[in-house]
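[1] Here is my input, please return the structure:
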Amino acid sequence: MQELPQVKYDPPMNSPRLTNLAGFLACSGLIAYAYFWVELHEGIDPCPLCMFQRVGIGLLGLIFAAAALQGPRGWGAKVYAVLLGLASLATAAIAARHIYVQHAPPGLVPSCGAPLEYMVKVMPITQVIAKVLSGSGECAQVNWQFLGLAMPAWVLIWAVGLGALGVAGNLRARAGGALAVSVH
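    Residues are numbered from 1 along each chain as shown. I've put the predicted structure just below:
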């Protein structure tokens, strides 16, 4: 009996491209919720550390989007895995710092400072980053909670989860990109 040619098949539910699309959609949903619901609807203005966390989630979303559009295999997928891992860790570190500031004794948290927009206009970016990461009075306030966790704790959970999804999903990409199936 004649052997059939090999057929390349990449199951859609196991596709790194689909995983990256899901990561992008999750990041988009998180940013949309924070802006449209929490900020605009509930009227809770984000503190500087919250804005840095939004930038981190936005960066994760952009990397996920690029990986979804490109659909890399082999070393390209590994590059996306590393980028997603680094962006996730940076975002998680900022969220962890925010959690620390929220739980610090009142005397250890600096008083409220200038708005982020003003600091960006008048200070070098390195000073802005150092000032924001030191935390301030507005960053110590807990204005929003869900299931007993404040916003930074949820950002930490999402950043770690999305980072794990992105790293695992992109490392799963095979160099050939498909399974070889033969029928006898």
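[2] CA atoms for contacts and neighbours, from now on please.
    Will do.
[3] For the protein, which residues score under the pLDDT cut-off?
    Judged by pLDDT under 70, the chain has its weakly predicted residues at 1, 4-14, 106-118, 120, 122, 125, 127-140, 145, 173-184.
[4] Please name the nearest non-neighbouring residue to the most centrally placed residue in the chain.
    Per CA atoms, centre = their mean, the C-alpha nearest to the average position across the chain is that of Ile57, at 3.4 Å. Closest residue to Ile57 apart from its sequence neighbours, by CA to CA, 6 or more residues apart in numbering: Cys27 at 5.9 Å.
[5] Quick check: what element follows the helix or strand hosting the one you found along the chain?
    Assessed by DSSP states H and E, Cys27 sits inside helix 16-32. Next along the chain after helix 16-32, taking DSSP H and E as the criterion, comes helix 48-70.
[6] elements contacting the helix or strand that that following helix is followed by?
    The element immediately downstream of helix 48-70 (helix or strand, assigned by DSSP H and E) is helix 75-103. The helices and strands touching helix 75-103, judged by 3 or more CA pairs under 8 Å, 6 or more residues apart in numbering; DSSP states H and E, are helix 48-70, helix 137-140, helix 151-171.
[7] roughly how far is helix 75-103 from the heart of the chain?
    Centroid separation between helix 75-103 and its chain, computed with CA atoms, centre = their mean, to the nearest Å, is 7 Å.
[8] residues of it that come out buried?
    Neighbour-count burial for helix 75-103, with 16 or more other CA atoms under 10 Å as criterion, is recorded at 76-85, 87-99, 101-102.
[9] returning to that earlier point: what comes into contact with the helix holding Cys27?
    Outside helix 16-32, the residues that touch it by CA atoms under 8 Å, 6 or more residues apart in numbering are 12, 54, 57-58, 60-65, 67-69, 71, 162, 165-166, 169-170, 172-173.
[10] let's see 6 Å
    The contact list for helix 16-32, computed with CA atoms under 6 Å, 6 or more residues apart in numbering, reads 57, 61, 64-65, 68, 71, 169-170, 173.
[11] I'd like to know which of these is nearest to Thr126.
    Each of the contacts of helix 16-32 was checked against Thr126 using CA to CA; the closest is Ile57, at 20.5 Å.
[12] Compute the distance between the closest one and Gln2, please.
    Between Ile57 and Gln2 the computed distance is 53 Å (CA to CA, to the nearest Å).
[13] try Ala93
    Going from Ala93 to Gln2 by CA to CA gives 59 Å.
[14] can you check Leu171 too?
    Relative to Gln2, and taking CA to CA, Leu171 is found at 36 Å.
[15] Between those two, tell me which one has more neighbours.
    Set side by side, Leu171 and Gln2 show unequal neighbour counts under other CA atoms under 10 Å, the larger going to Leu171 at 20 against 5.
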